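**Student:** sequence plus predicted model, see below.
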Amino acid sequence: LVAFVFKQTKFRYMQDGGASILLGCAMGVGVRFLHSIEKLQTVIVFRKEVFFLVLLPFIVYNAGFHMNKRAFFRNLTSVLLYAFPGTLYSALVIAGCVYGAGVVRLMPAFSFFEALLFGSLITATDTVTVLNIFHSLGVEENLYANVF
C-alpha cells in the first residue's frame with residue numbers, strides 16, 4: 001500500500017520500506033495506548049505458521065515471477081557462489097563481530113550459537129532490503145539477478 005501511494009504521488013524522499021517501518025511503529029504506538037489493550041492483544045496475535053505457510057510463499061513467488069529469468073540463468077554460476085559460500089561467509093563474519101563485541105563488553109554478551117543465529121538472520125534480511133532498493137532504483141539486471 002505504501003509503495004502504491006509513493007508511486008502514485010511520485011514521492012522520492014524516502015524508500016517505501018522505510019515508510020512502512022515508520023507506519024508500523026506509529027500503529028504500534030497507537031495500539032499500545034488504547035484503553036482495552038488486553039482485549040486487543042487477545043484478538044491480534046502473530047502466528048508464525050500463518051506467516052511461513054500463507055504470506056511468505058506469495059512474497060517469494062512474486063519476487064521470482066517478476067525477475068528477469070534470462071539474466072538469472074546467464075549468471076547462475078555467480079548466483080550459486082553468492083548464495084551458498086557468500087551467505088555462509090557473511091553469517092560467520094557477522095556472528096564473529098557480535099560475539100567479539102560481547103567479549104570486549106561493547107554490548108551484552110551472547111553465546112556463539114546465539115551470535116550465529118543473529119548472523120544468519122541479518123544475512124537473510126539484508127538481501128531483501130537490498131533487492132527492494134535495487135528494484136526502486138532500476139539497477140542493471142545482472143546485478144539484480146546476482147543478489148536475488
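**Tutor:** Good, I have the coordinates. Numbers count the residues shown, from 1 in each chain.

**Student:** elements contacting the longest helix seen in the chain?
**Tutor:** The helix that spans the most residues within the chain, counting by DSSP state H, is helix 112-137. Secondary-structure packing of helix 112-137 (3 or more CB pairs under 8 Å, 6 or more residues apart in numbering; DSSP states H and E): helix 16-32, helix 87-103, helix 141-147. Placement of C-beta: from N, CA and C, glycine included.

**Student:** so how far is it off the chain centroid?
**Tutor:** Relative to its chain's centre, helix 112-137 lies at 6 Å (CA atoms, centre = their mean, to the nearest Å).

**Student:** show the average pLDDT along that helix.
**Tutor:** Rounded to a whole number, the mean pLDDT of helix 112-137 is 77.

**Student:** so can I have CSV of the helices and strands packed on helix 112-137 showing mean neighbour count, mean pLDDT and distance to Ala109?
**Tutor:** Formatted as CSV, the helices and strands packed on helix 112-137 follow (neighbours: other CB atoms under 10 Å; pLDDT from 0 to 100; distance: least, CB to CB, whole Å):
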stretch, mean neighbour count, mean pLDDT, distance to Ala109
helix 16-32, 12, 76, 28
helix 87-103, 16, 91, 4
helix 141-147, 17, 69, 33
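
**Student:** out of those, nearest to Ile122?
**Tutor:** Taking CB to CB as the criterion, helix 87-103 is the member of these that comes nearest to Ile122, at 5.4 Å.

**Student:** Phe134: which of the helices and strands packed on helix 112-137 is closest?
**Tutor:** Within these, the stretch nearest Phe134 is helix 141-147; the backing value is 5.2 Å (CB to CB).

**Student:** let's have the helices and strands packed on helix 112-137 in TSV, adding distance to Arg70.
**Tutor:** What follows is those, written out as TSV (distance: least, CB to CB, whole Å):
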stretch	distance to Arg70
helix 16-32	27
helix 87-103	24
helix 141-147	8
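
**Student:** tell me which of these lies nearest to Ser111.
**Tutor:** helix 87-103 (8.1 Å).

**Student:** direction-wise, compare the closest one with helix 112-137 and give the angle.
**Tutor:** Taking axes from the mean of the first three to the mean of the last three CA atoms, to 10 degrees, one finds helix 87-103 and helix 112-137 inclined to each other by 120 degrees.
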